[in-house]
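Colleague: give me a 3D structure for the following:
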Amino acid sequence: MPWSPRAALFWDLVLGVLGTLAFLIDLGADLWAASQYVLSGRYLWAALVLALLGLASVALQLFSWVWLRADLSSPHAPKPPGHCLALLHVLQLGYLYRCVQGLRQGLLVWRQAVPSEFDLAYADFLSLDISMLRLFETFLEMTPQLTLVLAIMVQSGSAEYYQWVSICTSFVGISWALLDYHRALRTCLPSKPLLGLGASVIYFLWNLLLLWPRVLVVALFSALFPRYVALHFLGLWLVLLFWVWLQGTDFMPDPCSEWLYRATVATILYFSWFNVAEGRTRGRATIHLAFLLNDSLLLAVTWVAQSAWLPSGCLLQRLLPAAGTCFLLGLALRLAYYRWLHPSCCWEPDQLDGTWGLRSLEGHQLPQNRRMAHLAKNFFPKGRDEAALPWKGEVNGVL
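Modeller: Here you go, the predicted model:
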């Protein structure tokens, strides 16, 4: 039975609250783990945890600040003065400010008996940026943190309770970000199809089942060769960065910030697939899958040949077969999802963000997140009767 609009708005508000809480809990778990490493004298591990946390936070603040500067001319709700926004981002609070702003707008919309088109569109606009930032944070901080914790556990041959807490919070955060990002992209479709429970489960499972083996083999390699894993990452990251550049991305408002986006996408591609270019993606996705599979097999073979250096245990001997099974199952679910559950749409010129055009019935401009609409246009295949988009090449900014 379909939900009423008010129930859907309430559910969106609940999801926003849970997403913000998941971010804060994961942050607390990382700081807790770092403090425990310091107390036990493992200063290098604590430094690595804090370094990953700091680099990801700086990247998020840069993205948030650049987008806010690009959106200053939009007719949105009042924002704090420029120096206050700058201070919030310097203090690494820009993402949390966006979360609070999104929750306030969601609560405003839910409390209205008949929400205005502008308020609904602005709530969508805010939630789309938050979803994108949450995805960046997932692959810049959560996934590397998960890899680091697994490597530490394999190398030491033991697991502390705070490490299990960190692993659980990372898995929850990664799962939440993947589903939230896919759900956000669907709001940009002209028909705005809902992400059903079955499609959500399949999408979540194939992403997690393909990501888990990659994280595992990198963690195993890191446990054996902690000094060489940085060289391995840097080498693959440069190749992936070059590949992203060849695809001619145009996501950020200026060339300098575009390189920040490309560097972030290259980091995501080190772990998982992320589409950044328009057109049929089957070929590019196959190339990326084959590339990561060959690299993962090479890392796994290296670990098997040298694993005698690590603490022995029957659990370690079962990890690689379990990872192979997860990969095959994830690949099967991915094929099934794209065959039967992935929507195909016809992008109409007057339906770029949800079901709203560039102007409301009263003639007022409605906020539209062209950044995410551009990604959705790349992510979802077009129908045969695709109309020419008048905003092609104008994906930066808001309106």
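
Colleague: tell me where the model's unsure across this structure.
Modeller: Judged by pLDDT under 70, the chain has its weakly predicted residues at 1-4, 73-82, 189-196, 279-280, 307-317, 342-365, 380-399.

Colleague: contacting residues for residue 236?
Modeller: Applying CB atoms under 8 Å, 6 or more residues apart in numbering to residue 236 gives the contacts 270, 295. Quick note: C-beta positions are derived from backbone N, CA and C, even for glycine.

Colleague: for it, helix, strand, or coil?
Modeller: With DSSP: H, G, I helix; E, B strand; the rest coil as the basis, residue 236 sits in helix.

Colleague: can you tell me how far it is from residue 169?
Modeller: According to CB to CB, to the nearest Å, residue 236 and residue 169 sit 27 Å apart.

Colleague: what's the burial count for the residue nearest to residue 337 when sequence neighbours are not counted?
Modeller: Nearest residue to residue 337, sequence neighbours excluded (CB to CB, 6 or more residues apart in numbering): residue 202, at 4.9 Å. Using other CB atoms under 10 Å, residue 202 has 17 neighbouring residues.

Colleague: pretty sure residue 202 is touching residue 341, no?
Modeller: Yes - the criterion here is CB atoms under 8 Å, and residue 202 meets it with residue 341 at 6.1 Å.

Colleague: which parts of the longest helix seen in the chain are buried?
Modeller: Using DSSP state H to define each element, the chain has its longest helix at helix 5-39. By neighbour count, with 16 or more other CB atoms under 10 Å as the criterion, the buried positions of helix 5-39 are 9, 12-13, 15-16, 19-20, 22-23, 26-27, 29-30, 33-34, 36-37.

Colleague: again, but for stretch 116-126
Modeller: 118, 119, 120, 121, 122, 123, 124, 125, 126.

Colleague: name the nearest residue to residue 70, sequence neighbours excluded.
Modeller: That would be residue 253: by CB to CB, 6+ apart, it lies 4.1 Å from residue 70.

Colleague: mind checking the SS state of that neighbour?
Modeller: coil.

Colleague: for it, phi and psi?
Modeller: phi -80, psi -10 (degrees, to the nearest 10).

Colleague: before we move on, the earlier item: for the strand or helix carrying the residue nearest to residue 337, the distance to its chain's centre please.
Modeller: Using DSSP states H and E, residue 202 sits in helix 197-224. Taking CA atoms, centre = their mean, to the nearest Å, one finds helix 197-224 lying 14 Å from the centre of the chain it belongs to.

Colleague: list the buried residues of it.
Modeller: By neighbour count on 16+ other CB under 10 Å, the buried set for helix 197-224 is 199, 202-224.

Colleague: state the distance from the residue nearest to residue 337 to residue 210.
Modeller: Counting by CB to CB, the gap from residue 202 to residue 210 is 12 Å.

Colleague: against residue 234, how distant is residue 247?
Modeller: With CB to CB as the criterion, residue 247 and residue 234 are 21 Å apart.

Colleague: neighbour-wise, which of these two wins?
Modeller: Ranked by neighbour count (other CB under 10 Å), residue 247 and residue 234 place residue 247 first, with 16 against 10.
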